[in-house]
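Q: Structure for this input, please:
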Amino acid sequence: MTGAPRPRPEVLRIDAYVGGESKLPGVNRIIKLSSNEGAFGVPPGAAAAYARVAADLHRYPDGGSLGLRRAIGARFGLDPARIVCGTGSDELIQHLCHAYGGPGTEIIMSMHGFTMYQVAGTYAGSRVLKVPERALTADVDLLLGAVSAATRLVFLANPNNPTGTLLAPAEVARLRRGLPPEVLLVLDAAYAEYVGRPEYDPGVALVDAGDNTVMLRTFSKVFGLAGLRVGWAYAPPGVVDVLNRVRGVFNINLAAQEAAVAALAEPGWVERSRAHNTEWRARLAAALTDAGLKVWGSEGNFLLADFGTVARAAAADAALRQSGIIVRSMVPYDLGHCLRITIGTAEECTLVAERIAAFMAGPRADG
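A: Numbers count the residues shown, from 1 in each chain. Alright, predicted model coming up:
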């Protein structure tokens, strides 16, 4: 008898997620602007907390992340009992898709939404519908028009990655009102700390208003802990119960819990990071516009630069790599004519602007 184990057919339809590159062969100094990591590295207090737990690594962590949930609750004015922590928000996305989706169901996302929604939804056995956008922005009417009796979840990244676009609170509320009550709306607010609009709500109000909305957040961006993989959900009690039933019992390791608590308490860290991002996002956008590019408006810690054609974007990417600069190709998002550029330090932003300007002024710009 011959043969080999066979996975479920839908698994083989998944294109594996590829993270931002961090190395280039033969290049010693790398400027990594491909993964939307925080510009200032690890908060000092978080690094110290991580080091302090080295002697306790033989102990299991708190399986419920109670100390971390309390710290999150205190920082954001939320009930810790309605918070669930995950190994990055990716883990929570997967659990939501498996718990509420599955064969015979549909999951809705915007056309250029975060790839993990499609990966997790397909893995769960759901049919994932990618709904067209308007000006690279999720469109409430089109999202609602895609809803069917099979719809179980709608994912909305707000701000969206990789486009950086944002829906106003009134539009998000209109989306929730238009959805059937049994459809779970998942608001992914990974970039919430970078939004400067006073009217912005990452999702707290809608979570508090009912039983069918979840807000996702992360420590991977402004809090500088991408390497430790810590995310969290704020959700109605019923959803919290479901997530706690299916998540890994020790899903947040000891060092990650301690570092995340310390990151929340780092004096002025978020304020400094937001101010820097607001300043250099505008400066870099202006420089790229002056170089002849269209730059899509962003509320995150990145910009989406439009080179007009796939060939020109690829040529620009290659030119940046020759200078040791790694940005993110948008081919996997069906935006191959664009490059996504993380807002790094002042030096990094200045250098990438100079290199792109030189490329645009050279003979390869029309490639």
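Q: Was I right to think residue 100 contacts residue 184?
A: Yes. Residue 100 lies in contact with residue 184 (CB atoms under 8 Å); the separation is 5.4 Å. In this view, the C-beta of every residue, glycine as well, is placed from N, C-alpha and C.
Q: Which one's more surrounded, these two?
A: Taking neighbours as other CB atoms under 10 Å, residue 100 and residue 184 compare with residue 184 leading, 24 against 20.
Q: follow-up on the earlier one: what do residue 100 and residue 184 both touch?
A: Here residue 100 and residue 184 have 152-153 as joint contacts, going by CB atoms under 8 Å, 6 or more residues apart in numbering.
Q: separation between the closest residue to residue 62 other than its chain neighbours and residue 273?
A: Distance criterion CB to CB, 6 or more residues apart in numbering; nearest residue to residue 62, sequence neighbours excluded, is residue 257 at 6.6 Å. Separation of residue 257 from residue 273 (CB to CB, to the nearest Å): 22 Å.
Q: do the same with residue 313
A: Taking CB to CB, one finds residue 313 at 28 Å from residue 273.
Q: Same check on residue 198?
A: Relative to residue 273, and taking CB to CB, residue 198 is found at 18 Å.
Q: neighbour count winner among these two?
A: residue 273 (23 against 5).
Q: tell me the pLDDT at the more buried one?
A: In the predicted model, residue 273 carries a pLDDT score of 97.
Q: Helix, strand or coil: sort out it for me.
A: helix (DSSP: H, G, I helix; E, B strand; the rest coil).
Q: Enumerate every residue touching the nearest residue to it once chain neighbours are set aside.
A: Distance criterion CB to CB, 6+ apart; nearest residue to residue 273, sequence neighbours excluded, is residue 222 at 5.0 Å. Counting by CB under 8 Å, 6+ apart, residue 222 touches 38, 193-194, 269-270, 273-274, 301.
Q: Need those in TSV (columns: secondary structure and distance to residue 210).
A: Listed next are the contacts of residue 222 as TSV, based on DSSP: H, G, I helix; E, B strand; the rest coil; distance: CB to CB, whole Å:
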residue	secondary structure	distance to residue 210
38	coil	33
193	helix	25
194	helix	27
269	helix	33
270	helix	29
273	helix	32
274	helix	30
301	coil	30
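Q: Lowest pLDDT pick from those?
A: residue 38 (94).
Q: Now for this structure, the helix or strand with the poorest mean pLDDT.
A: strand 31-32 (a mean of 92; mean pLDDT, DSSP states H and E).
Q: Quick one: distance of that one to the chain centre.
A: Chain-centre distance of strand 31-32: 19 Å, with CA atoms, centre = their mean, to the nearest Å.
Q: Likewise for stretch 218-229?
A: 11 Å.
Q: could you give the mean pLDDT of that stretch?
A: The average pLDDT within stretch 218-229 is 97.
Q: gap between the two ends of that stretch?
A: 8 Å (CA to CA, to the nearest Å).
Q: One more: stretch 101-113?
A: Start and end residues of stretch 101-113 are separated by 18 Å (CA to CA).
Q: Could you pull up the contacting residues of the residue nearest the centre of the chain?
A: Centroid-nearest residue in the chain: residue 190, 4.9 Å away (criterion: CA atoms, centre = their mean). Shown in contact with residue 190 (CB under 8 Å, 6+ apart): 89, 157, 161, 216-218, 220-221.
Q: Tell me how many other residues crowd residue 290.
A: 11.
Q: how about it, what does it touch?
A: Residue 290 neighbours (CB under 8 Å, 6+ apart): residue 357.
Q: any idea how far it lies from residue 354?
A: With CB to CB as the criterion, residue 290 and residue 354 are 12 Å apart.
Q: next one: residue 318
A: 17 Å.
Q: Check the offset of stretch 130-147 from the chain's centre.
A: So, by CA atoms, centre = their mean, the centroid of stretch 130-147 is 19 Å from its chain's centroid.
Q: To clarify, my last question referred to stretch 192-203.
A: Worked out by CA atoms, centre = their mean, stretch 192-203 lies 15 Å from the chain centre.
Q: buried sites along that stretch?
A: 192-195, 200-203 (16 or more other CB atoms under 10 Å).
Q: Turn the residues you listed into JSON lines, columns for distance to residue 278 and secondary structure.
A: Shown next, in JSON lines, are the buried residues of stretch 192-203 (distance: CB to CB, whole Å; DSSP: H, G, I helix; E, B strand; the rest coil):
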{"residue": "192", "distance to residue 278": "14", "secondary structure": "helix"}
{"residue": "193", "distance to residue 278": "11", "secondary structure": "helix"}
{"residue": "194", "distance to residue 278": "8", "secondary structure": "helix"}
{"residue": "195", "distance to residue 278": "10", "secondary structure": "coil"}
{"residue": "200", "distance to residue 278": "13", "secondary structure": "coil"}
{"residue": "201", "distance to residue 278": "19", "secondary structure": "coil"}
{"residue": "202", "distance to residue 278": "17", "secondary structure": "coil"}
{"residue": "203", "distance to residue 278": "22", "secondary structure": "coil"}
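Q: Done for today, thanks.
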